[in-house]
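**Q** sharing a sequence plus its predicted fold:
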Amino acid sequence: MFRATLNSSKAWKQIVDAVATLLTEAHFLIKDDGFSLIQYDSSRAAMIDLYLPSSIFQEYHCKGEHNLSLGLDELTKVSKRMAGDDKLEFNLDETQNRFEIRMISQAERTFKIQLLTPPEEKTQKIRSSFEIRAEMFSDTFKQVVKDIGVVSNHMKITATQDSLSFGGMGDAGEAQVSLTLGEDSLLHELEVKQSGTSMYALSYLTEIAKAISSDSLTLRMTENKPVMLEFPIAESGLIKFLLAPRIERR
């Protein structure tokens, strides 16, 4: 049994939009403490790690564990029908194999989405240690992605003890953005145990940047290892995107 209510359609749309950036299907696990999703994209180059505590909901009732697998095209279409003042009610109907979303304001509208078959194997959470941690304004990162995208399809990230820089190179030329700590810095924090440089596909970073709905984000990386971009979502929820590096051939 699962049933919950949410007073903020905006928060729900943030969740759906973020997951839909890289996935075509979402495989949620619902437990008594909240929602979770750990899933690779189809190319296995990127992973989403999402946790939504039960506290983001006004009412939350869950007995046992439930796999909630949904097509994101259908879920996105339904979410776009939500008005800003809608109160949302969610119900899992395992008898009819449907996920029910009810939108309540002046009118009451109900959508029932067909459940998909969940995967047999569960994706395991990646537990990595990172040599570099940077916290910055989300808008800063979004602008960096756009700047580098003018000339390149990949973005090189380099961290030293006092700076974080982003660069790209292509047929059209080169671009470089450098951030340093100091008064009025766009960096909130920078911790570097070991300096490092890694390169990542800009197509993925562009989609991830679109999903960021918070004021700040945390970037974690180690040279030639996956980068993690982490930010809060739906107030007390947390989402992490991990992206594999592009190893340059010498």
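**A** Nice, thanks for sending it over. Residues are numbered from 1 along each chain as shown.

**Q** which residues of this structure score low on pLDDT?
**A** Scanning the chain for pLDDT under 70 picks out the ranges 248-250.

**Q** show me the domain layout of it.
**A** Annotated domains of the chain cover 2-114, 132-228 [automatic domain parsing].

**Q** to residue 236, which of the ones you listed lies closest?
**A** When the domains of the chain are compared by C-beta to C-beta, domain 2-114 sits nearest residue 236, at 5.6 Å. In short, each C-beta sits where N, CA and C put it, glycine included.

**Q** check contacts around the nearest residue to residue 20 once chain neighbours are set aside.
**A** If the residues on either side of it in the chain are set aside, residue 20 comes closest to residue 72, at 4.5 Å by C-beta to C-beta, 6 or more residues apart in numbering. Counting by C-beta atoms under 8 Å, 6 or more residues apart in numbering, residue 72 makes contact with 16, 19, 20, 23, 24, 25, 26.

**Q** measure the third one to residue 135 for me?
**A** According to C-beta to C-beta, to the nearest Å, residue 20 stands 26 Å off from residue 135.

**Q** what do you get for the second one?
**A** In this structure, residue 19 and residue 135 are 23 Å apart, going by C-beta to C-beta.

**Q** tell me the secondary structure at residue 139.
**A** helix (DSSP: H, G, I helix; E, B strand; the rest coil).

**Q** what's the neighbour count on residue 180?
**A** Neighbourhood size, residue 180 [other C-beta atoms under 10 Å]: 13.

**Q** helix or strand right after the strand or helix carrying residue 19?
**A** Assigned by DSSP states H and E, residue 19 belongs to helix 9-20. Later in the chain than helix 9-20, the nearest helix or strand by DSSP H and E is strand 25-31.

**Q** against which helices or strands is that next one packed?
**A** Applying 3 or more C-beta pairs under 8 Å, 6 or more residues apart in numbering; DSSP states H and E, one finds that strand 25-31 contacts strand 34-40, strand 66-71, helix 72-80.

**Q** the strand or helix carrying residue 204 to helix 9-20, inter-axis angle?
**A** Using DSSP H and E, the element containing residue 204 is helix 202-211. If you take axes from the mean of the first three to the mean of the last three C-alpha atoms, to 10 degrees, helix 202-211 sits at 170 degrees to helix 9-20.

**Q** what pairs with the helix or strand following helix 202-211, and is each one parallel or antiparallel?
**A** Using DSSP H and E, the helix or strand that follows helix 202-211 in sequence is strand 216-221. In the sheet, strand 216-221 lines up against strand 132-137 (antiparallel), strand 227-233 (antiparallel) (DSSP bridges).

**Q** what about residue 19 and residue 135, which has more around it?
**A** Neighbours per residue (other C-beta under 10 Å) separate residue 19 from residue 135, with residue 19 holding more: 23 against 16.

**Q** tell me the contacts of the nearest residue to the more buried one once chain neighbours are set aside?
**A** Nearest residue to residue 19 in three dimensions, chain neighbours excluded: residue 26, at 5.1 Å (C-beta to C-beta, 6+ apart). Applying C-beta under 8 Å, 6+ apart to residue 26 gives the contacts 19, 20, 37, 39, 68, 69, 70, 72, 75.
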